[in-house]
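S.K.: Show me how the following folds:
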Amino acid sequence: MSNRSLVVQGGSVSLEARPSLQPVSGQVVVQVSRVGLSHLDAAIGQGRMEFEGVPGQEIVGKVAATDPEDSGWLSRRVVVDPLLACGSCQWCIAGLREHCGQRRIIGREQADGGLAEQVLVPVSSLVPVPDHVDDDSAVFAVPVARAIQASRQVRIEGKTYVTIVGDNALALLTAQVLVRLNASVRVLGVHRELMDRCERWGIRHRHRDEAGHRADQDIVVECTGGQAEVVATLGFVRPRGTIIQMVAPQIVGAGGTLLDLRRLVDGEVRLIGSSFGPVAEAMDLIATDGIDVVSLVGVRRRLEDVPGILGDPQLATGRKVLISP
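M.R.: Down below sits the predicted model:
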C-alpha cells in the first residue's frame, strides 16, 4: 500500500506515491483525515521559507498502526501536536519545550507533515479528539493553541487598548481568545466579509485603512507577517508599548522596501515573538464551545488539488482551507 504525499523539493511541489509507513517504538502511524493549510504552508509554497519534504502542521486523523507497547492508541481519533522536543534538555525540564535546543517541527523543520495519506509521529504528540468534536473543528486545535500562547506573552487584562492586525483565521481565533481577557480588543483587517464574524462575536473591528496611526495602543498583535501589516503596527503601538509578532515577517532588502525600526528603538517598544502553544488545552476550548471555529471553515479541497493552490498569495488570508486526502 502506498502513501500519497505532497512533496516539496528543489522549489517544486508534486504529489508522489511513497511507501506505506511503519512505526518503531514510541511512534504511531496516523491515517490523515483532515489538514488545515496554514501561513507556514503558504510561505513554503510561495518560496518564502526553505523546506524540503512533506508540509502540513494542522493534522487530524485516526491512529492506524502502533508499536505493540502503544496499541491502546489504535483506532483513536487524534490531533497532532507539531512541536517535537527532546524532553530532557534544560528548556524541556523547565517546561519550555518550545525552546528545546533539539526541537523539530512537523511539516516545517526536519519532520514530514500531514499533507499525505499517512504521517509518522511520536506518541507524545498525540492529543485525543472527543467523540462529539468533528474533524473540521478539531483541525483548528493548533492555531487555537497559538492564540492561547499569544495571550500569555504579556498581561492582557486591564490594558486599555489592544489591537489585532489581520483578519485571517489565526487573527480571528486570537481575537476570540484575547477578548475573553479584555473586552477592549479590536481587530483591524481588510476583508469586510470576515470582519462580519467579529460583529457576531461582539468584538470591535474596523478596516485597517480607517485606523489612525496615533501610536496609542498598549498592545498590538500582528498575525499576518505581511510587510504592510508589520509596518502598520509601528504606527499603532504607543511608546513603551508591546508588539506581539505571531507570524515571522519577510524583511525585504536589496532594492525592496526595508522595515524601518527607528520607531521601535526611539519609542522603546517591546517586540515579542509568539509561536506554538498548548494543543491539548486548545482542544478542550474547542470541545467546550469556548471558541467559534466552525464559521472560519472555508473551502474544502483534495490532496491532489494542493500543488495548484499552495503558491496562491491569497492562501494565508481569509477562512481556513481544509484538505482531505
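S.K.: Sketch out the low-pLDDT regions of the stretch 151-300 of the chain for me.
M.R.: 250-259 (pLDDT under 70).
S.K.: Tell me which stretches of the stretch 101-250 of the chain form helices.
M.R.: Counting by DSSP state H, counting those that start in this stretch, the stretch 101-250 of the chain has these helices, from start to end: 135-138, 141-151, 169-179, 192-201, 227-236.
S.K.: give the contact list for the residue lying closest to residue 76 once chain neighbours are set aside.
M.R.: Ranked by C-beta to C-beta, 6 or more residues apart in numbering and with sequence neighbours excluded, the top spatial neighbour of residue 76 is residue 63, at 5.1 Å. C-beta here means a position set from N, CA and C on the backbone, and glycine is covered the same way. Applying C-beta atoms under 8 Å, 6 or more residues apart in numbering, we find residue 63 in contact with 28, 29, 30, 31, 73, 74, 75, 76, 78, 126.
S.K.: Of all the helices of the stretch 101-250 of the chain, which one is nearest residue 83?
M.R.: helix 141-151 (9.3 Å; C-beta to C-beta).
S.K.: ok now that closest one, how far from the chain's centre?
M.R.: Centre-to-centre, helix 141-151 and its host chain are 8 Å apart (C-alpha atoms, centre = their mean, to the nearest Å).
S.K.: Residues contacting that helix, please?
M.R.: Under the contact criterion C-beta under 8 Å, 6+ apart, helix 141-151 has outside partners 36, 38, 57-59, 79, 81-82, 98, 127, 169-170, 173-174, 176-178, 181, 221, 244, 246, 274-279, 281-283, 285-286, 291, 293.
S.K.: So which of the residues you listed sit within strands?
M.R.: Secondary structure from DSSP state E places 36, 58, 59, 79, 127, 221, 244 of the contacts of helix 141-151 in strands.
S.K.: and residue 15, what helix or strand is that in?
M.R.: strand 12-19 (DSSP states H and E).
S.K.: Just the buried residues of that strand, please?
M.R.: residue 13 (16 or more other C-beta atoms under 10 Å).
S.K.: separation between the closest residue to residue 11 other than its chain neighbours and residue 88?
M.R.: Closest residue to residue 11 apart from its sequence neighbours, by C-beta to C-beta, 6+ apart: residue 47 at 6.3 Å. To residue 88, residue 47 is 36 Å away according to C-beta to C-beta, to the nearest Å.
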